[in-house]
Every structure is written in structure tokens, then in C-alpha cells.
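> coordinates only, sequence not included:
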Ligand SMILES: Nc1ncnc2c1ncn2[C@@H]1O[C@H](COP(=O)(O)OP(=O)(O)OP(=O)(O)O)[C@@H](O)[C@H]1O
Ligand SMILES: [Mg+2]
């Protein structure tokens, strides 16, 4: 074993992973709580215990599987045993297969395209691990489960019990994985799963792995917006119903950083602030009209002139169809003098929120019309923290957002309205050319 397990890991190992009655196992819980580490350790043990066995470790996207499971996990795990490489074990980099001397394999896979899935399903396994499984569909899980059919024996002639291992961070309680893995019911009918007694679940919190985490990590999780804190620190399945953008789902709307193709149209949107953060968002539209927020500047206590310099530096080599900004005439004039020409935003809040929500909904092709790069941390934070005021006399629920955590949200709204309501934009452009004449 590579690690000394913490108490929770020991419990999970003894009571669940190695229990032959438990074939379907979910580890759901907080960030960095030690789930994946334990599963990987167990899979390596199974590979060694059952000669010529196959174990699959899969994620939705092969690129993510390669970066996290292959590079960050398996390669790191075996780094101290380099002298045994090529002998006791060997890494096949192009196929993403780790082979052991006893003929066993650990195969890393992505479930993101038909060819790959077919190739994966062409094999039988004794262990399948679905990492970050909230990103997958129930159908994918079921399909992969049918491949748990390899027959392997250990040195004493015992047949390996096939195991499906799943880990994830919690989402809303209406997610299929909550039905299946936590409640052990069918997501459609809510009837108990036929194999409910073979299921087991362990719920984790980041506190469980406190001894192996940097001191400030738990404090960082504690400072997240409530929904995220409950999910990522405490491991609770919690919906973001109170959020203005309750449609927001990190499995759907967050994308990893990629290079924006040069022929996509780009935009910027600015919300002024000094005590509150000043925000600039950069967005790009693909040829199907999907908007990607690909960069953010988000900082308080900074003069507009300094922010302008930063925006220009970050924008080098790019051109924008327009840059939209909050109404403040003085601030806009200052930006203009510094070489950042803006048009005035459409300020109406509720219709702007509706426009953003419309883009968040998945279209017929199953994809949303608004995505945010994973490194736009402040914007993503606000997507959770931006809330409706509770209903009270004079207004109903969902009529007015709380004026907090709304800085990137305002900029986002300006950009979306600018794109989706070009009539309005044209008016503002005309007004602007008049104003600046
Ligand atoms: N028993 C252990 N001894 C030492 N380090 C450990 C141990 N268990 C986990 N870690 C370390 O703690 C960190 C988090 O563990 P891990 O990645 O397994 O958590 P996780 O629950 O899968 O988190 P996430 O939900 O973010 O994927 C990793 O850096 C891992 O190497
Ligand atoms: Mg993990």
C-alpha cells in the first residue's frame, strides 16, 4: 500500500469495498475527501490479486481521464517504484493501459465518443470505476455495468466478485445518481432497484481527510457560497433552487479552458466597481451561437485606470465586436479616454436574467447556449451565490435578486442582452455616437 489510510478510508475498505455482498458501490462526498485515492488503491490490489484481470477506470471525457486518472493518479502512484517499471509494471502511453507482470491491466478510458465506448464495451472486466460519475448518464452507467463479466481467480482459486465503483461530488437531490446510488431506487419509477441489496454507499466530507489536506483548504471550502459549501465541504446533495440561475449545473455549463478559434466573434462586458469588485468578462460566440465566457477580470479597490491597463494587456491580439458597460457615464468616458470604447448596457434586470436563463437551458442538441470556462472562478462562484430575495409583502418570490454577489452576474447579463437583443444594442450604439460626437 502506498498510503496510510485515514479512519474513514479504513472503514470504507473494511466494511464496503472488500465485502463480497457489495457489488455496486458509491462514494459520494466533499472535495478531496480521499475517495478516489482509496478506490485506486483497491483497484491496484485487485489487479495484483487476480492474474490476467482487467480493470476499467473511466470518466466522461478521455482528456480528463488522461489528465487526472492517468497522469495525476496512476503515474504519481508508481513514481516511487520507477526501478520496477518495464518489469513488474509498464505504462502504455498511447493506449492508456497500465500492465502488470501477472497479465492484469488497468485501462483508462473516456466515454465521450461512440468509437471509444464501443472499444471499451468490447472487453469484459472484473472492476469498473466511474470517476466523477455525475457527468455521465444513467444509461451509460447501465451499459458499462453489463461488461462486468470477466471471470478471474485468485491464487487460492476464489472467483473474483465483480465490482462497480463510482465516485462523485454531490449535486442536487434530483440527479439520477442520487436516486440510484444513494436511495437505491430507479430514477424513473422510484421503485427499489432489483439489486438494491448489492448496493452500498459511503458519504464523505472533506473533514474526513483533514490530516492530508493543506491547512487553508478547509477554510477555503468553508468560504464558498452555501450550496457549494454544503456539497464540496460537507458532502450533502443540495439543489440550488434559491439561486437566480437554478438551471446552472457544473456538469453542463462549465468547460475546461480551450483556445478560442480566431474566427469566433468576441465581446467584452464591464461592470464598474471600486468598493465592490470591478468586473470585465470576455465572451466568444461559436458558429452555432453558443456563448463561451472565457476570461474574467474581477477585483475590488482598484482605480479604473489600472483596470483599463489590465484589460488591454489581457486583450492583446484580440478584437471585439463591441464592449458593453454599465451606464455610469463618467467611468465610461474614462475608459474611452484610455482606449476602451464601450456601449451602454441595457439595464433592465428581470428581462436580462430571463435572457441568461434561456441560454442556460439545454437546446435540442442537448447542449446549452452559455458555458463558462472552469478558470473563471469568481463568475462561477456568483452563479451559485446570486440569489432571489425571499417573497414578502409587495413582491413575490423570484421577482427581485438580492443585490449581492451580482458583479459578474451584471456583466454577464449585459453581454447576453447585447448579443440576444441586438435591436436594443443598435439603439445604444446610435445614442453613443451622438453622445461622443
Ligand atoms: N491516506 C492518504 N494518505 C495521504 N494522502 C492522501 C490519503 N488519501 C488521500 N490523500 C490525498 O488527499 C488528496 C485528496 O484525495 P482524493 O483525490 O482521493 O480525494 P477525492 O475525495 O477523490 O476528491 P475529489 O472529490 O476532489 O475528487 C489527494 O492529494 C490525495 O493524494
Ligand atoms: Mg476524486
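That came through, no problem. Remember, it's a predicted structure, so these values are computed and weren't measured experimentally. Ligands and ions are numbered 1, 2, ... in the order given.
> For residue 340, which residues are in contact?
Shown in contact with residue 340 (CB atoms under 8 Å, 6 or more residues apart in numbering): 308, 311, 312, 323. (Glycine included, C-beta is placed from N, CA and C.)
> got a winner among these for most neighbours?
residue 323 (23 neighbours; other CB atoms under 10 Å).
> Can you check the pLDDT for the closest residue to that residue other than its chain neighbours?
Once flanking residues are discounted, residue 323 sits nearest to residue 268: 4.1 Å by CB to CB, 6 or more residues apart in numbering. If you check residue 268, the pLDDT there is 98.
> follow-up on the earlier one: which of the contacts of residue 340 fall in helices?
308, 311, 312 (DSSP state H).
> The last one and ligand 1, how far apart?
The reference is to residue 312. 36 Å (CB to the nearest ligand atom, to the nearest Å).
> now the end-to-end length of stretch 206-220.
Stretch 206-220 has its terminal residues 11 Å apart, counting by CA to CA, to the nearest Å.
> residues in contact with the residue of the stretch 151-300 of the chain found nearest ligand 1?
The stretch 151-300 of the chain approaches ligand 1 most closely through residue 212 (3.6 Å), counting by CB to the nearest ligand atom. Residue 212 is in contact with 6, 34, counting by CB under 8 Å, 6+ apart.
> List the residues that contact residue 184.
Residue 184 neighbours (CB under 8 Å, 6+ apart): 192, 193, 196, 199, 201.
> One more pass at 10 Å, please.
24, 26, 192, 193, 195, 196, 197, 198, 199, 200, 201 (CB atoms under 10 Å, 6 or more residues apart in numbering).
> Would you list the phi and psi of it?
phi 60, psi 40 (degrees, to the nearest 10).
> now it, nearest residue through space, not along the chain?
residue 196 (4.2 Å).
> Pretty sure the one you found sits against residue 185.
Yes - if you go by CB atoms under 10 Å, residue 196 and residue 185 touch, sitting 7.9 Å apart.
> how near is the residue of the stretch 151-300 of the chain closest to ligand 1 to residue 366?
Distance, residue 212 to residue 366, by CB to CB, to the nearest Å: 38 Å.
> Which residues of this protein lie near ligand 1?
Contacts of the chain with ligand 1, taken as CB under 6 Å from any ligand atom, map to 3-6, 9, 31-37, 167, 169, 209, 212.
> Most neighbours out of these, which is it?
Busiest of the residues of the chain next to ligand 1 [other CB under 10 Å] is residue 33, holding 31 neighbours.
> still on that earlier bit, will you turn the ones in helices among the contacts of residue 340 into JSON lines that also has pLDDT?
Shown next, in JSON lines, are the ones in helices among the contacts of residue 340 (pLDDT from 0 to 100):
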{"residue": "308", "pLDDT": "97"}
{"residue": "311", "pLDDT": "98"}
{"residue": "312", "pLDDT": "97"}
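> Can you add distance to residue 104 and give the residues you listed back as CSV?
As requested, the ones in helices among the contacts of residue 340 are exported to CSV (distance: CB to CB, whole Å):
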residue, distance to residue 104
308, 59
311, 54
312, 56
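> hmm, back to that, show the pLDDT at the residue of the stretch 151-300 of the chain closest to ligand 1.
pLDDT, residue 212: 96.
> What's the local residue count around the nearest residue to residue 223 once chain neighbours are set aside?
Sequence neighbours aside, residue 229 is the residue nearest to residue 223 in space, at 7.7 Å (criterion: CB to CB, 6+ apart). Per other CB under 10 Å, the neighbour tally for residue 229 reads 17.
> Pop out the phi and psi values for residue 229.
Torsion angles, degrees, to the nearest 10, at residue 229: phi -60, psi -50.
> Quickly note the distance from it to residue 384.
Counting by CB to CB - residue 229 and residue 384 are separated by 9 Å.
> again, but for residue 172
12 Å.
> need the helices for the stretch 101-250 of the chain, in chain order.
For the stretch 101-250 of the chain, the helices defined by DSSP state H, counting those that start in this stretch occupy 114-121, 138-145, 176-177, 215-222, 226-232, 250-253.
> Show the end-to-end separation of stretch 155-174, please.
44 Å.
> Let me see the mean pLDDT of it.
96.
> If you count neighbours, what's buried in it?
160-172 (16 or more other CB atoms under 10 Å).
> cool, and stretch 363-379?
Result for stretch 363-379 [16+ other CB under 10 Å]: buried residues 368, 369, 370, 371, 372, 373, 376, 378, 379.
> ok, which pair from those residues is furthest apart?
Using CB to CB, the buried residues of stretch 363-379 reach their maximum pairwise distance at 369 and 378, which is 21.6 Å.
> Thanks again, I'm all set now.
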